[in-house]
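>>> Predicted coordinates and the sequence they were generated for:
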Amino acid sequence: MIIGIIFGVFDMLHVGHIVALQEAKSQCDYLIVGLKTDSNVQEADGQDTAQTMVERFIKLEGCQFVDEIIPFESDHDITDMLQSLPVHKFFIGEDYKMVDFSGRDYCISEGIEICYTKNKNRFSSQSLRKIVSEKEIEKAERSFGASLKCHSANIISTTPQ
């Protein structure tokens with residue numbers, strides 16, 4: 001049995017996540033998802049999640065490509081999980097091909113295959129947040145008129161990218 005593992009925040013589970021999970025599952029018999037806890041998401045990524053860890057866990061639990069979910073706190077936990085689980089394949093987005101990432105050295109030293117999932121679409125949690133925000137502003141402008149237009153333009157221009 002080939003066991004694979006993929007780590008992430010999986011905020012607002014979207015098409016990009018599903019495609020990556022599907023691709024990973026197609027290359028292994030059993031897929032473990034390492035789900036980053038709420039306490040360290042803002043610390044690492046600089047922003048809060050739109051969904052709590054419980055909400056993200058429940059959504060992943062309903063995904064047909066996921067066999068097991070293990071919450072993790074920090075990048076150090078990634079190596080600990082790799083050391084303690086009988087993993088054969090480590091899945092990570094292709095945008096990490098040219099950068100160092102947690103667990104990389106351990107995978108190389110232990111012969112765990114690193115598999116890069118393709119980013120085949122325009123979706124990311126950040127782009128989805130932006131789209132939702134813009135749609136909400138458009139809806140508010142239609143409801144409340146032009147007085148919001150100046151204020152909303154200022155909000156968008158000061159939103160961290």
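Yep, it's here.
>>> I'd say residue 118 and residue 23 touch.
Yes: applying Cβ atoms under 8 Å as the test, residue 118 and residue 23 come out as touching, 6.8 Å apart. Where you see a C-beta, it was placed from the backbone N, CA and C, and this is true even at glycine.
>>> between those two, who's got more neighbours?
Neighbour count, other Cβ atoms under 10 Å: between residue 118 and residue 23, residue 23 has more, with 17 against 10.
>>> so what's the more buried one up against?
Contact analysis of residue 23 by Cβ atoms under 8 Å, 6 or more residues apart in numbering lists 91, 117-118.
>>> Which members of those residues are positioned in strands?
91, 117 (DSSP state E).
>>> closest to residue 107 among the contacts of residue 23?
residue 91 (10.8 Å; Cβ to Cβ).
>>> Break this protein into its domains for me.
3-117, 125-158 (automatic domain parsing).
>>> most packed of those?
domain 3-117 (a mean of 16; mean count of other Cβ atoms under 10 Å).
>>> Columns distance to residue 14 and pLDDT on top of the contacts of residue 23, output as TSV?
Listed next are these as TSV, based on distance: Cβ to Cβ, whole Å; pLDDT from 0 to 100:
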residue	distance to residue 14	pLDDT
91	17	98
117	14	93
118	15	86
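>>> now the contacts of residue 23 in CSV, with distance to residue 31?
Formatted as CSV, the contacts of residue 23 follow (distance: Cβ to Cβ, whole Å):
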residue, distance to residue 31
91, 8
117, 12
118, 16
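>>> and which of the contacts of residue 23 is nearest to residue 4?
Nearest to residue 4, judged by Cβ to Cβ, of the contacts of residue 23 is residue 91 at 5.7 Å.
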